[in-house]
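Enquirer: just coords:
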């Protein structure tokens with residue numbers, strides 16, 4: 001281990017690669033998009049666009065460097081079988097057309113190329129999710145172009161465990177594995193999380209599940225409703241970024 005000067009750390013911070021979300025105000029707030037080397041979390045009720053954004057990020061990470069992208073690849077770990085290959089194909093076709101129109105480069109990836117660079121894995125329980133995260137190291141060693149790992153959803157698998165202490169222990173192990181991958185391979189993690197009611201001062205309020213320990217490991221938490229996008233660690237502290245219906 002070596003200390004970095006503040007100047008060295010700032011240079012490292014500024015040189016981090018970013019994956020655009022294609023939500024203009026959100027990308028502006030995130031200073032360019034999802035940064036590699038960090039963990040982001042998407043929170044929202046079913047049908048508010050979390051999985052859709054995850055699939056879009058898996059495609060946007062592949063935008064060529066000449067077109068201000070990363071020219072990367074993505075791993076997608078699916079715990080609740082919400083992944084829709086038809087929707088991904090439609091998004092890939094739209095992106096391929098958009099890139100071809102804007103940049104008009106011979107090397108612009110086709111929709112087929114974009115789909116080929118998204119690697120999918122079903123994780124039907126917590127044990128399979130742990131195995132999937134552990135196996136990511138092998139994929140990253142073999143292919144350093146992988147720059148994004150999506151877990152959709154981390155809470156669905158963890159909450160299958162009945163014992164709260166086992167949940168917490170497993171969650172901390174997963175964060176340890178993810179932190180090692182972030183540090184060694186400069187990869188971005190995007191997790192999805194669910195909403196649940198928590199007791200607070202004799203009242204119940206809707207908030208992200210998995211608790212405060214988990215929240216400490218998240219760089220940015222993005223909240224979606226049917227019409228709005230927020231950023232913030234808690235329901236109370238989140239701030240409005242944009243109206244999605246406009």
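Expert: Cool, got the structure. These numbers were taken from a predicted model, which means no experiment stands behind them.
Enquirer: okay, and the beta partners of the residue lying closest to residue 54 once chain neighbours are set aside?
Expert: With sequence-adjacent residues excluded and distances taken as C-beta to C-beta, 6 or more residues apart in numbering, residue 54 is closest to residue 150, at 4.7 Å. Bear in mind the C-beta positions are built from the backbone N, C-alpha and C, glycine included. Taking DSSP bridges, one finds residue 76, residue 190 as the beta-bridge partners of residue 150.
Enquirer: isn't residue 150 right up against residue 58?
Expert: Yes: Residue 150 is within contact range of residue 58, at 6.4 Å (criterion: C-beta atoms under 8 Å).
Enquirer: now do the shared contacts for these two.
Expert: Shared contacts of residue 150 and residue 58, defined by C-beta atoms under 8 Å, 6 or more residues apart in numbering, comprise 74, 76.
Enquirer: let me know the helix or strand that residue 204 is in.
Expert: strand 203-208 (DSSP states H and E).
Enquirer: run through the neighbouring helices and strands of the next helix or strand after that strand.
Expert: Next helix or strand after strand 203-208 toward the C-terminus (DSSP H and E): helix 211-216. For helix 211-216, the packing partners by 3 or more C-beta pairs under 8 Å, 6 or more residues apart in numbering; DSSP states H and E come out as helix 164-185.
Enquirer: pull out the buried residues from the helix it packs on.
Expert: Of all the residues in helix 164-185, those buried under the rule 16 or more other C-beta atoms under 10 Å are 167-168, 170-171, 174-175, 178, 181-182, 185.
Enquirer: contact partners of that helix?
Expert: 37-39, 126, 129-130, 133-134, 136-137, 140, 144, 146, 149, 154, 158-159, 161, 187-189, 210-211, 213-214, 217.
Enquirer: how about the contacts made by the residue nearest the centre of the chain?
Expert: With distances taken as C-alpha atoms, centre = their mean, residue 190 lies nearest the centre of the chain, 1.5 Å away. Contacts for residue 190 (C-beta under 8 Å, 6+ apart) come out as 34, 39-42, 54, 57, 148-151.
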